[in-house]
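Novice: sequence and predicted structure below; questions after.
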Amino acid sequence: MFAPGSIWNDTDDQPIQAHGGGILYDQGVYYWFGENKNGPTFLSPAGLERVDIVGISCYSSSDLVHWRNEGIVLPAVVDQPEHDLHAGKVVERPKVLYNARTRTYVMWFHVDTYDYTYARAGVAISDRATGPYHYLGSFAPCGTDCRDLTIFQDDDGIAYIVFASEWNRNLTIAQLTDDYRSTGPAFIKAFSTPHRSKGREAPAVFKNNGYYYLITSGCTGWAANAAECAVAPSLFGPWQVLGNPCTGQQAECTFDSQGTFVLPVSGYEGEFLFLADRWNPSNLSDSRYVWLPLRMHAGIPSITWHKTWDFSVFRDSQKRFPGSEGK
């Protein structure tokens, strides 16, 4: 049973710490990677609420409801102030893909300084989903700044990164190299706006019936705003804006949350989970998770609020979700 916005404990009965995260489905197991914010919230010198870096957490599950804590798979660096992963820096929105050619798990995330002027992409690798991950370093993908990001692996194994660039004035979409460790020469800039306050962030990508969908957030800090969805026949466009995919009460603020990932539900063709964070800027460690079913209607995604829900919402799908029997 999912209860969006409620405290969500792991199998050790401790609150899950995996904010701004994403899910990797690998050999029948789901792995949830996210920011561990289990520390005191304070104002940075730039006047922004923050928590010192603890590291990237990993949780595993067979049913998407019960999660085992696999520990911090990429920890903060405590004794090197100049290091990208030093506790005084910023590490956000980790996402992981498995590269079958190199047999390596590749993690991407946003790396920054407390004033958000560094704005780079960090990459780490491991030979196991549960780590530990070895940090390779950070860079400016496609020669530009990088903030909120996601990565996406297509059916043919080619992977892409989507990230907010030029102070969130646009989104850059780039193909990754074959080893998923850098960006190649092919990229576009989309959804350009002259004002960063009107730009887009928090990208989440999914594919359905040969079309690519991109859900993003507006740029309003920790405050929630209306999500926006766009569709294209290729990740390189052309993109058509469809509007807000959320419906019902609080749709105008994405149910008081901000998206981070869209997960295809294994066993249910054409059904998805929309993963979002309900940020608590006064106590970031107590930020909650808002997971809701995302359903397609004539090629248009729809996200509707449920106070509680389970996989029976997908009852008209032909296949059963592994592990969902009896729920």
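Specialist: Looks like it came in fine. Residues are numbered from 1 along each chain as shown.
Novice: need the contact list for the closest residue to Thr247 other than its chain neighbours.
Specialist: Excluding its sequence neighbours, the residue lying closest to Thr247 (Cβ to Cβ, 6 or more residues apart in numbering) is Thr304, at 5.3 Å. Heads up, the C-betas are built off the backbone N, CA and C, glycines and all. Counting by Cβ atoms under 8 Å, 6 or more residues apart in numbering, Thr304 touches 246-248, 292-293, 295.
Novice: those into CSV, with extra columns for distance to Gly122 and neighbour count?
Specialist: Shown next, in CSV, are those (distance: Cβ to Cβ, whole Å; neighbours: other Cβ atoms under 10 Å):
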residue, distance to Gly122, neighbour count
Cys246, 31, 28
Thr247, 36, 10
Gly248, 37, 11
Leu292, 29, 22
Pro293, 32, 20
Arg295, 34, 20
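Novice: for Phe314, see how far away Asp155 is.
Specialist: 22 Å (Cβ to Cβ, to the nearest Å).
Novice: what's the closest of the contacts of Thr304 to Trp8?
Specialist: Set against Trp8, the nearest of those by Cβ to Cβ is Leu292 (13.6 Å).
Novice: pull up the pairing partners for the helix or strand hosting the closest one, direction included.
Specialist: Assigned by DSSP states H and E, Leu292 falls within strand 288-297. Neighbouring strands of strand 288-297 in its sheet, by DSSP bridges, are strand 271-278 (antiparallel), strand 300-304 (antiparallel).
Novice: which residues does the residue nearest to Thr104 when sequence neighbours are not counted contact?
Specialist: For Thr104, ignoring the flanking residues on the chain, the nearest one in space by Cβ to Cβ, 6+ apart is Ile125 at 5.2 Å. Contact analysis of Ile125 by Cβ under 8 Å, 6+ apart lists 104-107, 133-134, 136, 181.
Novice: give the rounded mean pLDDT of the strand holding Leu292.
Specialist: The average pLDDT within strand 288-297 is 97.
Novice: other residues contacting it?
Specialist: 2, 4-8, 16, 18, 206, 208-209, 245, 255-257, 262, 270-278, 280, 301-306, 309, 313-314.
Novice: follow-up on the earlier one: neighbour-wise, which of Asp155 and Phe314 wins?
Specialist: Set Asp155 next to Phe314 and count neighbours by other Cβ atoms under 10 Å: Phe314 wins out with 22 against 7.
Novice: the more buried one and Pro293, how far apart?
Specialist: 7 Å.
Novice: next one: Tyr30
Specialist: Shown here: Tyr30 relative to Pro293, a distance of 16 Å by Cβ to Cβ.
Novice: middle-most residue in the chain, spatially?
Specialist: Of all residues in the chain, the one closest to the mean position by Cα atoms, centre = their mean is Thr260, 3.5 Å from it.
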